[in-house]
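A.B. asks: here's my sequence, what's the structure:
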Amino acid sequence: MANILVIRLSAIGDVAMTIPVLYNAAKSNPKDSFTVLTQSFLIPIFINRPDNVKVLGINTKGPEKTLAGLLRFGSALVQYDFDLVLDLHNVIRTKILRSLFTIKGTKVIVYKKDRHARALLTARDHKVFKPLESVIKRYADVFREAGVLYVEDFVSLYQEKSSDLSFLESEIFPKRNKWIGVAPFAKHQGKIYPLDRMEDVVAKLSERDDFTIFLFGGKGHEESVLAEWALRYRNVKTVVGKYSLDQELALISQLDLLISMDSANMHFASLVGTKVLSIWGATHPYAGFYGYHQDPDNIIQLDLSCRPCSVFGEKPCFRGDMACLNQISAEVIINKVEEILYS
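C.D. replies: Numbering: from 1, shown residues only. A predicted model of the protein is given here:
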């Protein structure tokens with residue numbers, strides 16, 4: 001009976017992608033204990049987890065932000081009797097934490113990022129345009145390398161327990177029509193479809209009484225934009241600031257479709273078995289970050305020789321025109337929604 005520590009601190013979408021792998025491993029090894037270390041605010045997405053999975057929180061923007069704080073945290077962490085440490089992040093913070101376990105003599109297995117292949121995929125010149133192994137497969141390979149039995153059977157966070165929707169207002173639940181989610185934002189500009197055109201998509205879809213539109217985003221600017229859209233168009237509701245993270249997951253599980261960028265929301269929908277229509281700009285599914293078990297036919301992207309120019313979408317467009325996103329019309333997205341929902 002092994003006691004296994006799994007580390008993935010960020011980003012939100014990457015942590016979400018660990019869940020199918022972690023749950024698969026835990027179910028495959030019911031006599032072993034798994035503890036996942038991640039940001040405290042992400043603990044709520046680890047819902048309906050196997051009985052042998054625990055979640056431990058860290059706050060790298062608070063007490064554990066400094067080296068001294070991280071070392072204090074790590075010194076307490078190594079007091080736990082872990083037999084094996086799996087580092088699914090492989091960044092400076094996790095290197096520091098895992099080094100403490102190495103000093104103690106604990107076996108450590110590390111996620112391999114294949115930075116060279118990513119650099120070739122995103123190169124401006126002499127690009128090597130071929131799909132890389134998915135991040136989820138690479139996560140699973142860490143478990144396999146460690147000798148942990150791994151059988152894949154994850155379908156949804158709600159495959160064994162239905163979602164609790166009692167928090168939804170009676171005016172929208174039970175469902176009376178098809179529910180479409182729209183998540184128009186992402187961390188980096190290179191992944192965000194022009195907002196004026198996404199508003200056109202929302203406006204057109206809102207004209208139909210067979211659709212209810214739910215808008216997903218963060219606080220601040222995103223919240224303001226989505227609130228305006230919800231006021232401007234019928235059959236449109238914003239969920240920003242209304243629900244907790246686990247409640248948003250429950251709502252997403254009831255959507256008939258989520259329109260999303262290459263963002264955390266795509267991965268949240270993948271965790272609950274909801275179809276995603278994803279729009280890709282500077283990044284590309286070939287980098288390995290496509291949603292778990294999502295249909296590749298539900299991708300909207302342009303075949304441009306400059307794509308992908310970035311793995312994460314943070315680099316400025318060297319062409320200066322963001323053609324990868326600006327040349328996608330709202331009509332293409334609207335027609336694809338119709339095709340997915342009614343074909």
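
A.B. asks: okay, now Gly57: neighbour count?
C.D. replies: Neighbourhood size, Gly57 [other Cβ atoms under 10 Å]: 13. C-beta coordinates here come from the backbone N, C-alpha and C atoms, glycine included.

A.B. asks: what distance do you get for Thr102 to Val6?
C.D. replies: Separation of Thr102 from Val6 (Cβ to Cβ, to the nearest Å) stands at 16 Å.

A.B. asks: the more surrounded of those two?
C.D. replies: Between Thr102 and Val6, counted using other Cβ under 10 Å, the more crowded position is Val6 (27 against 12).

A.B. asks: which helices and strands sit right next to the host helix or strand of the more buried one?
C.D. replies: In this structure, Val6 sits in strand 3-7 according to DSSP states H and E. Packing partners of strand 3-7 (3 or more Cβ pairs under 8 Å, 6 or more residues apart in numbering; DSSP states H and E): strand 33-39, strand 84-87, helix 92-104.

A.B. asks: average pLDDT for the longest one?
C.D. replies: Along helix 92-104, the predicted confidence averages to a pLDDT of 97.

A.B. asks: residues in contact with that helix?
C.D. replies: Helix 92-104 has contacts (Cβ atoms under 8 Å, 6 or more residues apart in numbering) with 5, 7, 9, 37, 60, 67, 70-71, 73-75, 77-78, 82, 85, 87, 108, 110.

A.B. asks: how far off centre is that helix?
C.D. replies: Counting by Cα atoms, centre = their mean, to the nearest Å, helix 92-104 is centred 26 Å from the centre of its parent chain.

A.B. asks: sorry, back to before: got a quick ChimeraX command for the buried subset of the contacts of helix 92-104?
C.D. replies: In ChimeraX syntax, the buried subset of the contacts of helix 92-104 is picked out as below (16 or more other Cβ atoms under 10 Å):
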select :5,7,9,37,60,70,73,74,77,78,82,85,87,108,110
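
A.B. asks: and Val240, how far is that from Ser40?
C.D. replies: Taken as Cβ to Cβ, the span from Val240 to Ser40 is 21 Å.

A.B. asks: neighbour count winner among these two?
C.D. replies: Val240 (19 against 15).

A.B. asks: can you tell me the SS state at the more buried one?
C.D. replies: Of the three states, Val240 takes coil under DSSP: H, G, I helix; E, B strand; the rest coil.

A.B. asks: quick one, what contacts it?
C.D. replies: So Val240 contacts Leu215, Phe216, Gly217, Gly218, Lys219, Glu222, Glu223, Leu226, Ala227 (Cβ under 8 Å, 6+ apart).

A.B. asks: buried ones among those?
C.D. replies: Buried by 16+ other Cβ under 10 Å: Leu215, Phe216, Gly217, Glu222, Leu226, out of these.

A.B. asks: how close does Leu132 get to Asp114?
C.D. replies: Leu132 is 7 Å from Asp114, where distance means Cβ to Cβ.

A.B. asks: who's more crowded, these two?
C.D. replies: Taking neighbours as other Cβ under 10 Å, Leu132 and Asp114 compare with Leu132 leading, 20 against 14.

A.B. asks: pLDDT at the more buried one, what is it?
C.D. replies: Turning to Leu132, the model gives it a pLDDT of 97.

A.B. asks: nearest spatial neighbour of it, chain-adjacent residues omitted?
C.D. replies: Sequence neighbours aside, Gly288 is the residue nearest to Leu132 in space, at 4.6 Å (criterion: Cβ to Cβ, 6 or more residues apart in numbering).

A.B. asks: and stretch 335-343, which residues are buried?
C.D. replies: Per 16+ other Cβ under 10 Å, stretch 335-343 contains these buried residues: Lys336, Val337, Ile340.

A.B. asks: shouldn't the second one be within a helix?
C.D. replies: Yes - with three-state DSSP as the criterion, Val337 is assigned to a helix.

A.B. asks: pretty sure it is touching Lys178, no?
C.D. replies: No - between Val337 and Lys178 no contact is recorded; they are 9.6 Å apart, counting by Cβ atoms under 8 Å.

A.B. asks: mutual contacts of the two, please.
C.D. replies: Contact criterion Cβ under 8 Å, 6+ apart; residues shared by Val337 and Lys178: Leu257.

A.B. asks: where's the residue nearest to Leu132 relative to Asn3, distance?
C.D. replies: Gly288 sits 30 Å away from Asn3, going by Cβ to Cβ.

A.B. asks: between those two, who's got more neighbours?
C.D. replies: Neighbour count, other Cβ under 10 Å: between Gly288 and Asn3, Gly288 has more, with 21 against 13.

A.B. asks: residue contacts, the more buried one?
C.D. replies: By Cβ under 8 Å, 6+ apart, the contact list for Gly288 reads Pro131, Leu132, Glu133, Ser134, Val135, Lys137, Arg138.

A.B. asks: which neighbours in the sheet does the strand holding Val6 have, and how are they oriented?
C.D. replies: Within its sheet, strand 3-7 is paired with strand 33-39 (parallel), strand 84-87 (parallel), according to DSSP bridges.

A.B. asks: most tightly surrounded among those strands?
C.D. replies: Scoring these by mean neighbour count under mean count of other Cβ atoms under 10 Å gives strand 84-87 as the most buried, with a mean of 24.

A.B. asks: could you export that strand as PDB, CA atoms only?
C.D. replies: The C-alpha coordinates for strand 84-87 follow below in PDB (Å, rounded to 0.1, in the frame of the first residue of the first chain):
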ATOM      1  CA  LEU A  84       6.600   8.300  -4.100                       C
ATOM      2  CA  VAL A  85       6.400  11.800  -5.500                       C
ATOM      3  CA  LEU A  86       5.100  12.600  -9.100                       C
ATOM      4  CA  ASP A  87       6.000  16.000 -10.300                       C
END
